[in-house]
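Trainee: predicted model and sequence below, questions to follow.
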Amino acid sequence: MSIEDAPVAETTLREWRSSGLITAEEVAYKSGDLFVAENVLTKARRIITPGIRESLGNKRVLRG
């Protein structure tokens, strides 16, 4: 993870593990507009695509 990457909340990681999106050996973080799963043992990384529910957590309505 670099300085520009944002960690994913622990509750979200638990949900993603229970749904099978990431494995027990992986952590996830947001890098730019992508979510990345990284295996903490092998350091292998892959891009993941969470469902709509997960990605709506930080959306805001902008008013003009």
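Mentor: Noted; the coordinates are in hand.
Trainee: all helices for this protein, in order.
Mentor: 10-19, 52-55 (DSSP state H).
Trainee: neighbouring contacts of the first one?
Mentor: Translated: helix 10-19. Residues from elsewhere that reach helix 10-19 (C-beta atoms under 8 Å, 6 or more residues apart in numbering): 8, 22-24, 26-28, 48, 50, 54, 57. Quick note: C-beta positions are derived from backbone N, CA and C, even for glycine.
Trainee: output the residues you listed as a markdown table; include the columns neighbour count and pLDDT.
Mentor: As requested, those are exported to a markdown table (neighbours: other C-beta atoms under 10 Å; pLDDT from 0 to 100):
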| residue | neighbour count | pLDDT |
| --- | --- | --- |
| 8 | 21 | 94 |
| 22 | 22 | 97 |
| 23 | 10 | 97 |
| 24 | 6 | 96 |
| 26 | 21 | 97 |
| 27 | 17 | 96 |
| 28 | 21 | 96 |
| 48 | 15 | 96 |
| 50 | 19 | 88 |
| 54 | 18 | 46 |
| 57 | 11 | 56 |
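Trainee: re earlier: as a markdown table, the helices of the chain with distance to residue 41 would be great.
Mentor: Listed next are the helices of the chain as a markdown table, based on distance: least, C-beta to C-beta, whole Å:
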| stretch | distance to residue 41 |
| --- | --- |
| helix 10-19 | 15 |
| helix 52-55 | 24 |
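Trainee: residues near residue 35, how many?
Mentor: Using other C-beta atoms under 10 Å, residue 35 has 22 neighbouring residues.
Trainee: one more: residue 5?
Mentor: Using other C-beta under 10 Å, residue 5 has 14 neighbouring residues.
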